[in-house]
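Visitor: heads up, no residue letters with this:
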């Protein structure tokens, strides 16, 4: 006998109870007693009593065996408890009814010690198994909560796409590095450097917070992947890690939305004496994407000429200009009205770039190819 | 038919002793408990029969049958069984009324037999 367990004996006859208690104690169990079903339920409701098996008489005053069994099975906390019905040999019909109600097994009076030991052992084993499952279920649930919390925490530091990527199954593969055509949008403020030199720190932080809140909302609204914030400069790319057929259109729509909203911010700043402009550069091309950095501090980044081109176009953009690379303009597919700004010589690039500025979005795109 | 049954089947008490490692004290106390609780069941049985309440007869008769059998009080147990069946049949008329004096006489005999056994098994 493996012992260690607590039994609850429910019988209205003190004689029967005492015999059963004695037998169970011989088997190494701790025993609680109840004179009827009502008392049994009260015992089980006591949080300090951890009962492993219930031995239940059928005919009892107050609350009989059937009612007690039904109450035990209806309560989430006691549903799993093994219940052995103790009955006379002539009462097998009531035993059948009890088993249908969820009783585990039965014992006939007079109690045979060997049969009792076997039934108790089986019940305790079943209870232990249930407890182990419950424990493992709770551990798993706690683990899931931790993972969920980490994901949420992660998504505060990373762009939502990267946070999702880190916890996805294909994440490791994508993080390791891959090549893909992306659209890169680079935006920054005109006149920011001289403003930063003049403004007091509180004013600078307040203005940057307003600007970042506006920028962040637009990035999220268009499912862009934020690569980094650096002061007033922001780099966002599209089509990675989330694949987007309309990556160029998304970038342009985002840039136009930012430009519109920037106008409201700029007029408020202007009243405070700060004249700032907003410019964007957008380029399309292949880049290598993945985990970039060193042990302890990695970023999800994009490397390639396309990022340099977008950055240079942004530097060259005048206030409220959204400059497109030739490939970006070509892929726009008529969804925006553009104007050529001519061939630009850009720092670090050997050949001039035919750039165009986005004048505005078209309500109904004028399709040229599709 | 209950008249065929022994008042006290001492073999049952012998088995109880054996299975408890000859714990005379335990078996004596068990018998004391039986002597203390059975009059309550007998009173409930009498009340049910006098009130012609068949449903109220079932449980005390059942308990009498069961606890008596546990201790070898076989004739008392058989009477308990017959009373329980009478209660379940729903009609107490002649049968149960007739059984009451017999039940009470058997109880007196059972008490005497139990005391006798206890006297033979001092602590």
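Guide: Structure's in. What do you need? Just so you know, these numbers come straight off a predicted model, no measurement behind them. Numbering: from 1, shown residues only, chains lettered A, B, ... in the order given.

Visitor: Which helix or strand contains the residue in chain B positioned nearest to chain A?
Guide: Closest to chain A within chain B is residue B:67: 4.0 Å, counting by Cβ to the nearest Cβ. Using the backbone N, CA and C atoms, a C-beta is placed for each residue, glycine as well. Element membership for residue B:67, per DSSP states H and E: helix B:54-70.

Visitor: for that helix, packing partners?
Guide: helix A:14-26, strand A:83-88, strand A:105-109, helix B:24-50, helix B:74-89 (3 or more Cβ pairs under 8 Å, 6 or more residues apart in numbering or on different chains; DSSP states H and E).

Visitor: Which parts of that helix count as buried, going by neighbours?
Guide: Neighbour-count burial for helix B:54-70 flags B:54, B:56-70 (criterion: 16 or more other Cβ atoms under 10 Å in any protein chain shown).

Visitor: Regarding the one residue in the stretch 151-300 of chain A that gets nearest to chain B, what is its secondary structure?
Guide: Per Cβ to the nearest Cβ, residue A:152 is where the stretch 151-300 of chain A lies closest to chain B, at 59.4 Å. Taking DSSP: H, G, I helix; E, B strand; the rest coil as the rule, one finds residue A:152 in the helix state.

Visitor: Measure how buried it is and give me the count.
Guide: 10 (other Cβ atoms under 10 Å in any protein chain shown).

Visitor: For it, give me the pLDDT.
Guide: For residue A:152, the pLDDT comes out at 77.

Visitor: Is the residue sitting furthest away from the middle of chain B within a helix or a strand, and which one?
Guide: The centre of chain B is farthest from one residue, residue B:21, which by Cα atoms, centre = their mean lies 25.3 Å away. Under DSSP H and E, no helix or strand contains residue B:21.

Visitor: I am assuming the residue of chain B closest to chain A contacts residue A:11, so please confirm or correct that.
Guide: No: the pair residue B:67 / residue A:11 is not scored as a contact, 9.1 Å apart, by Cβ atoms under 8 Å.

Visitor: and chain A, which of its residues are near chain B?
Guide: Counting by Cβ under 8 Å from any Cβ of the partner chain, the positions of chain A adjacent to chain B are A:12-16, A:18-19, A:22-23, A:26, A:59-61, A:88, A:90, A:109-110, A:113.

Visitor: Which ChimeraX command selects the buried ones in these?
Guide: Buried residues among the residues of chain A next to chain B (16+ other Cβ under 10 Å), as a ChimeraX selection:
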select /A:12,13,14,15,16,18,19,22,23,26,59,60,88,109,110
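
Visitor: Strands of the stretch 151-300 of chain A, residue ranges please.
Guide: Assigned strands in the stretch 151-300 of chain A, in chain order: A:178-190, A:225-230, A:233-238, A:277-294, A:297-303 (criterion: DSSP state E, counting those that start in this stretch).

Visitor: Counting neighbours, which bits of the first one end up buried?
Guide: So that's strand A:178-190. A:180-190.

Visitor: Report the strands that pair with it, each with its relative direction.
Guide: strand A:233-238 (antiparallel), strand A:277-294 (antiparallel) (DSSP bridges).

Visitor: any idea of the mean pLDDT for it?
Guide: 92.

Visitor: and what of the second one?
Guide: Confidence over strand A:225-230, taken as the mean pLDDT, stands at 81.

Visitor: center of chain A, which residue is that?
Guide: residue A:148 (4.3 Å).

Visitor: for it, what are its contacts?
Guide: By Cβ atoms under 8 Å, 6 or more residues apart in numbering or on different chains, the contact list for residue A:148 is empty.

Visitor: Highest mean neighbour count out of the strands paired with strand A:178-190?
Guide: Most buried of the strands paired with strand A:178-190, by mean neighbour count (mean count of other Cβ atoms under 10 Å in any protein chain shown): strand A:233-238, with a mean of 24.

Visitor: Just the angle for that one relative to strand A:225-230, thanks.
Guide: 170 degrees (axes from the mean of the first three to the mean of the last three Cα atoms, to 10 degrees).

Visitor: Does chain A have contacts with the worst-scoring helix or strand of chain B on mean pLDDT?
Guide: None of the helices or strands of chain B scores lower by mean pLDDT, DSSP states H and E than helix B:93-120, at a mean of 89. No: Helix B:93-120 does not reach chain A (Cβ under 8 Å from any Cβ); its nearest approach is 11.4 Å.

Visitor: name the helices or strands packed onto that helix?
Guide: Helix B:93-120 sits against helix B:24-50, helix B:74-89, with contacts defined as 3+ Cβ pairs under 8 Å, 6+ apart.

Visitor: pretty sure residue A:55 belongs to a strand, no?
Guide: Yes: according to three-state DSSP, residue A:55 belongs to a strand.

Visitor: Quick one: residues contacting it.
Guide: Residue A:55 touches A:7-11, A:20, A:24, A:83-84, A:86, A:107, counting by Cβ under 8 Å, 6+ apart.

Visitor: do that again at 10 Å, thanks
Guide: A:7-11, A:16-17, A:20-21, A:23-24, A:31, A:33, A:40, A:82-86, A:106-107, A:111, A:116, A:119-120, A:123 (Cβ atoms under 10 Å, 6 or more residues apart in numbering or on different chains).

Visitor: That one pairs with what?
Guide: Residues in beta-bridge contact with residue A:55 (DSSP bridges): residue A:9, residue A:84.

Visitor: quick one: it and residue B:123, what's the gap?
Guide: 29 Å (Cβ to Cβ, to the nearest Å).
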